[in-house]
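# Okay, here's the prediction I keep looking at, along with the sequence it came from:
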Amino acid sequence: MDKLYIPNSIFITGIAGFIGFHLAEKLIAEGYDVSGIDNFNDYYDPKLKRNRAAMLRSIDVQIYENDIETVDWEFLEDYDAVVHLAAHAGVRYSLEHPQMYIDTNISATQRLIHRCEELDLPVVYASSSSVDSDLLNPYAWSKFVNEKQFQSSSLTSVGLRFFTVYGEYGRPDMALGLFAAAMSQGKPIDVYNHGDMQRDFTYVGDIVQGINIILDNTLNAIWVKQHEIYNLGTGVSNELMDYIRCLEDELGRVAQKNYLPMHPADVKSTQADISKTQKLGYEPTTSIRDGIKLFVDWHKEYYKETLISEVRHLHLVKT
């Protein structure tokens, strides 16, 4: 039966992650009640996740600390909708640890789907631009399976294919974080396929704008069981070397480049077709130059404060 659905309380899995953190801040500003879950694993430095979580808790966001593989989802009955972002990330890492991606990205997602079906909760979930490829790695095919899991469920659900998201509080294992850290320390950066790669680099603020629009247009309306897929990118494919040059300009130094062959888990080029998402009102506006400037301004300040804290700690330990 059709029904008018106006969610007020939203639960985010992976809330202390890069996109989850920014989305939670946005939804709080939009007047939603927001809670979430994260396991604070050590795939990358958990201090960054802890800092994101502290900022969210300061604006009254409740965060559960648990693994989605084992958590009891009974408490979801208190929420109106779920945004499912939790997953093992990392295209290249997945080649070495495929079972992790099966356990978390596929099996745990199915448990969440089952509980949401019991409660008739709509779900907006993270897919990936890698689905629209040859599925050359476990991360990519786990996201492909996610789309099929939701498509075959009884839920109203929306999959979001993210295209190379970057920005403040970004994951340090992604290209921009790796490049900025290495360049700041005068170390070389690894440039795959000898630099001949193109990506639809998408600033996190534009991604969050898109998720918010999709929530408004999909959940705050009369709905029946449906499954939709939307691309969230810029619609423009930029050269990797242009991306690096923007970073060099902002950091004021030229990177030492270690040119390497194509990585087996990579694709050469990505570009989002955002025409379907634009019909909902989505319009990304942040150029890579502007987005990288915002990232570098944050990176310098954040890691300066981190370094000062570590030096103080060492001093206290020695004395």
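Here it is on my side, so go on. Numbers count the residues shown, from 1 in each chain.
# just checking, residue 115 touches residue 73?
Yes: at 3.9 Å, residue 115 counts as touching residue 73 under the criterion of CB atoms under 8 Å. Heads up, the C-betas are built off the backbone N, CA and C, glycines and all.
# What residues of stretch 289-304 count as buried?
Neighbour-count burial for stretch 289-304 flags 291, 292, 293, 294, 295, 296, 299 (criterion: 16 or more other CB atoms under 10 Å).
# In JSON lines, list those along with secondary structure, pLDDT and distance to residue 125.
JSON lines is the format used below for these (DSSP: H, G, I helix; E, B strand; the rest coil; pLDDT from 0 to 100; distance: CB to CB, whole Å):
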{"residue": "291", "secondary structure": "helix", "pLDDT": "98", "distance to residue 125": "25"}
{"residue": "292", "secondary structure": "helix", "pLDDT": "98", "distance to residue 125": "28"}
{"residue": "293", "secondary structure": "helix", "pLDDT": "98", "distance to residue 125": "31"}
{"residue": "294", "secondary structure": "helix", "pLDDT": "98", "distance to residue 125": "27"}
{"residue": "295", "secondary structure": "helix", "pLDDT": "98", "distance to residue 125": "26"}
{"residue": "296", "secondary structure": "helix", "pLDDT": "97", "distance to residue 125": "31"}
{"residue": "299", "secondary structure": "helix", "pLDDT": "96", "distance to residue 125": "29"}
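# Check those residues and tell me the two furthest apart.
Greatest spatial distance among the buried residues of stretch 289-304 (CB to CB): 291 and 299, at 12.3 Å.
# neighbours of residue 32, just the number please.
17 (other CB atoms under 10 Å).
# can you tell me the helix or strand for residue 37?
Using DSSP states H and E, residue 37 falls within strand 33-38.
# Kindly report the same for residue 125.
Assigned by DSSP H and E, residue 125 falls within strand 123-126.
# Work out the gap between that strand and the centre of the chain.
Relative to its parent chain, strand 123-126 has a centroid offset of 12 Å by CA atoms, centre = their mean, to the nearest Å.
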